[in-house]
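J.: can you look at this prediction? I've put the sequence above it.
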Amino acid sequence: MNQQPYLLPPRRKRNVKALLHKCFWTLLLVSLIGWSMQGIADELNAERVFSMRTIERAQTVIPQLFQLNGDQFFRIVGLIVETLAIAFTGCIMAAILAVPLGFFTAKNMMGNTLIGRITHAFFKLWLNATRTFPEILLALIFVASIGPSPFAGVLAIAIGSTGMLGKLFGETIETVDMSLVETMQANGATRIQVLFYAILPQVVPEFLSYAMYRFEIDVRASTILGVIGAGGIGTLIVISAANRNWGEVGLIVLCIIVVVTVIDYLSAYARKKLV
Amino acid sequence: MIECNDLSLVYPDGTQGLKNVNVQINKGEFVVIVGLSGAGKSTLIRSMNRLVQPTSGGLYIDGENALAHNASQLRKLRTKVGMIFQHHNLVKRHTVMKNVIAGRLGHTSTWKSVLNIYPNKDRALAYENLKRVSIEEKVHTRADQLSGGQQQRVSIARVLTQQPKVILADEPVASLDPPTSHQVMNYLKTINREDGITTIVNLHFIDMAMEYADRIIGMRAGEVVFDGPVAEVTERTFEDIYGRKIKDDDLRGGKTDYEPTEAITS
Amino acid sequence: MNQQKPSLPKAPGLVSQRKRTITIFIWVGVAALYLLSSIHTNASLLRFDGEFFSNVGRMIGQMWPPQMQYAPAIWPKLAETIQMAVLATALAAIFCIPLCLGAAENIANNKWIYNTMRTFLNVMRTIPELILAVLFVGLFGIGVFSGVLALFIFSLGILAKLMSETVEGIDKTQLEAIEASGGNKLQVIWYAVLPQILPQFASFSLYVFEINIRASVVLGFVGAGGIGLLIQQQINFLNYPAAMAVVMVIFFVVILIDFISNRIREALL
């Protein structure tokens, strides 16, 4: 060591705690993945998945997907319109419902009284609960109670979106600049005037922006509602796939891609203009 | 016009905001309240509009016992008492016109104001006031596209549209540069003189107080420690009020930059 | 009105005429669209009548109380659901690295690669996971594999998008420092990019895991594995209390996983 012109820096003291920490998380992650692999291993068995049958199927299905079958084109367009209508109706309902919910979950609006705190906690819990369920699960329940129809889909979208919009609206209201409220009160404004002249102008553009963003999500969600009979394009895609009409499946998927892309683009443009 | 009798205010956390304030402000006066920050200037001005609630004493505005008012009487009283804030407090996304018409809220029925229905008379008044602060060409501009001085002028127009008997201004120039500050103070002074509106302004700049005030009230630790016409005030008075030597920070300066030729006529 | 002085001209409105026209036009348009689409979907507010509420009420009555004895049958499928989500997330996390580097403007100097990647990711994200599952079930048959593949593709799109934005937001000076000392592209990525994006990478992966858990719950509806199959079966057998039991289990598991994941993400960032 002494002959060496350059000395190595002193060894870093091992931080035992950090090391253990790292080991723990790595071990946890590895065991989680290992457990998952082992749990569904026989299903993922390469021989089974990539059997001759699958390969043959892939050889027929994949080319067919790209030979778009336009026999039912107008029906597809009609169902896409229905899909959009479901998303739009549900989203508007949710956006309207979410406004009072947003106010109930905003700490600065509910005050510090016991009743205020209880209302706040109750609605917060409610919103969290609705956000837990995927829309399609809600749709399944509505289909079971009122029968398969687009209306069931609208209800599922509306309730599913209320959770997210209510939460976002509430958070927006919590950021309101209260000095404007004071200003309007100093003008001699009534409570409703304060609401319309001090609070709403600050939050409505954000509300609209969030609602449009949610509409993008709802369009995606409503394309699959038909799988369980809640209206929209999803019904047809399941039927076509069951009939092995892959050209039609291809066309439907293409239509979905185009419509979703266009809507995302329009919505992003409108949101940029708005705020 | 305004009468404070032994007015005291203790905040919920125990801070003494006002201590036995006795002040009588006459109609048409231009009063400047000076003092260090935390001296209770803001509390006093906000008490006069009951934005903060005095805990004891008496407050009479235009002969009315303001502390005895219930919510709706208070709203009526507040239409007579206009307020200007340091940060302008405009609705940023509204047009200048919509901000100014908000001064009519106390005079307009709730449902009409919600639907934005204002008679031509009100809109004409609002536009007239925009002209008075010479910002009428921005009538349909969004408030957030204006400079700080322009925004403060819009908020003056808003208060004028309220047609108040008293204007309270809480540090109206604290976030403006010197020339703009003088411009804003000039507008306030002109309005005070032309319309005879009693005006009470919080300032911490000594030179501006001296220049615009008819009368100066000095506050320290929630108490009024000086009250007299501006002619009686000397540098010594300020040192007494502030409890220390006068520093450069206490002066705004910049008077020479302002050209009074800019229209202040109606 | 007639007392008005003739000298008083018509005062300006609250907003400019043009803006008012546009605003009215937009609102009327949205209202008309809503009306049309609510008629089209037969979802007008008139539908919320007594019958509707009695139907939903009856349904809830039938579902309650959840038949918790059914729970033992749930666990294996629940485990399968979680396993699918774990695998899909792990795969997406691995494959997203090259994709997100390619779709980041500051790393992919080649405009062509960047644009292709971007378009590819955008298209990938437009297809909902259940549609992907339908496709893969057609290709590979019913089973977990199709489900994992659908989740993987779906979450890869989201994760790569989020990560490419993170990569675009990194501190450029560190890249330049490594480049200046003669590092090649890989070294730049290893020494300058990865250390900066690692915490976000872990956090976004967890976020995608939450999304995958929710998504994998419903894949069973189309035969792509997981707990959704049970719900659909029980509803088809009109065994609503059992279906409710499954829904309740899902509810608590999703909440639990969200909670844990949020805690870890908070610790990470």
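T.: Nice, I can see it.
J.: quick one: low-confidence parts of the chain?
T.: With no chain named, the answer covers chain A. A:1-5, A:13-14, A:42-50 (pLDDT under 70).
J.: my question was about chain C
T.: In chain C (pLDDT under 70), the answer is C:1-9.
J.: please name the residues that touch the residue nearest the centre of chain C.
T.: Nearest to the geometric centre of chain C sits C:Ile211, at 5.9 Å (CA atoms, centre = their mean). By CB atoms under 8 Å, 6 or more residues apart in numbering or on different chains, the contact list for C:Ile211 reads C:155, C:158. Backbone N, C-alpha and C define where each C-beta goes, glycine included.
J.: element containing it, please.
T.: helix C:194-219 (DSSP states H and E).
J.: around chain A, which positions in the stretch 151-269 of chain C sit nearby?
T.: Residues of the stretch 151-269 of chain C lying close to chain A by CB under 8 Å from any CB of the partner chain are C:214-215, C:217-218, C:221-222, C:225, C:231-232, C:235, C:240, C:247, C:250-251, C:254-255, C:258.
J.: select only the buried ones of the residues you listed in ChimeraX?
T.: Here is the ChimeraX command that selects the buried residues among these (16 or more other CB atoms under 10 Å in any protein chain shown):
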select /C:214,215,217,218,221,222,225,231,232,235,240,247,250,254,258
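J.: in strands only, show me the residues of the stretch 151-269 of chain C next to chain A.
T.: Among these, none falls in strands (DSSP state E).
J.: can you give me the helices in the stretch 101-250 of chain B?
T.: B:110-114, B:120-132, B:148-161, B:178-195, B:206-212, B:235-242 (DSSP state H, counting those that start in this stretch).
J.: please identify the most buried of the ones you listed.
T.: Among the helices of the stretch 101-250 of chain B, helix B:148-161 has the highest mean neighbour count (mean count of other CB atoms under 10 Å in any protein chain shown), at a mean of 25.
J.: what comes into contact with that helix?
T.: So helix B:148-161 is in contact with A:187, B:82-85, B:88-90, B:96, B:99-104, B:122, B:125-126, B:129-130, B:132-135, B:138, B:143, B:146, B:167, B:172-173, B:175-177, B:180, B:183-184, B:187-188, B:191, B:195, going by CB under 8 Å, 6+ apart.
J.: residue 121: neighbouring residues, count only.
T.: You didn't pick a chain, so chain A it is. 12 (other CB atoms under 10 Å in any protein chain shown).
J.: oops, wrong one, chain C.
T.: Neighbours around C:Leu121, by other CB under 10 Å: 21.
J.: can you name every helix or strand that the helix ranked longest in chain C contacts?
T.: In chain C, taking DSSP state H as the definition, the longest helix is helix C:71-102. Secondary-structure packing of helix C:71-102 (3 or more CB pairs under 8 Å, 6 or more residues apart in numbering or on different chains; DSSP states H and E): helix A:16-39, helix C:111-126, helix C:144-168, helix C:194-219, helix C:228-236, helix C:240-268.
J.: which non-adjacent residue is nearest B:Gln73?
T.: B:Glu64 (8.0 Å; CB to CB, 6 or more residues apart in numbering or on different chains).
J.: if we can go back for a sec, the longest helix of chain C to helix C:194-219, inter-axis angle?
T.: Angle between the axes of helix C:71-102 and helix C:194-219 is 140 degrees (criterion: axes from the mean of the first three to the mean of the last three CA atoms, to 10 degrees).
J.: buried set for helix C:71-102?
T.: Buried-residue list, helix C:71-102, by 16+ other CB under 10 Å: C:74, C:77-93, C:95-97, C:99-102.
J.: quick revisit: quick one: closest of the helices of the stretch 101-250 of chain B to C:Phe201.
T.: helix B:148-161 (43.0 Å; CB to CB).
J.: how far does the closest one sit from the chain's center?
T.: In terms of CA atoms, centre = their mean, to the nearest Å, the centre of helix B:148-161 is found 11 Å from the chain centre.
J.: show the average pLDDT along it.
T.: Across helix B:148-161, the average pLDDT comes to 90.
J.: how near is the residue nearest to B:Gln73 to B:Gly58?
T.: Distance of B:Glu64 to B:Gly58, given as CB to CB, to the nearest Å: 11 Å.
J.: how about the contacts made by the residue of chain C found nearest chain B?
T.: Proximity of chain C to chain B (CB to the nearest CB) peaks at C:Ala11, 3.5 Å away. By CB under 8 Å, 6+ apart, the contact list for C:Ala11 reads B:120, B:122-124, B:126-127.
J.: how about the backbone phi and psi for A:Gly70?
T.: Phi and psi for A:Gly70, reported as degrees, to the nearest 10, are phi -100, psi 10.
J.: C:Ser16: how many residues sit nearby?
T.: C:Ser16 has 15 nearby residues by other CB under 10 Å.
J.: how many neighbours does the nearest residue to it once chain neighbours are set aside have?
T.: Closest residue to C:Ser16 apart from its sequence neighbours, by CB to CB, 6+ apart: B:His140 at 4.0 Å. Using other CB under 10 Å, B:His140 has 18 neighbouring residues.
J.: my guess is B:His140 meets C:Arg20, correct?
T.: No - with contact defined as CB atoms under 8 Å, B:His140 does not reach C:Arg20; the gap is 9.8 Å.
J.: in the stretch 51-200 of chain B, which residue sits nearest chain C?
T.: For the stretch 51-200 of chain B, the residue closest to chain C is B:Arg123, as judged by CB to the nearest CB, at 3.5 Å.
J.: no further queries at this time; thank you.
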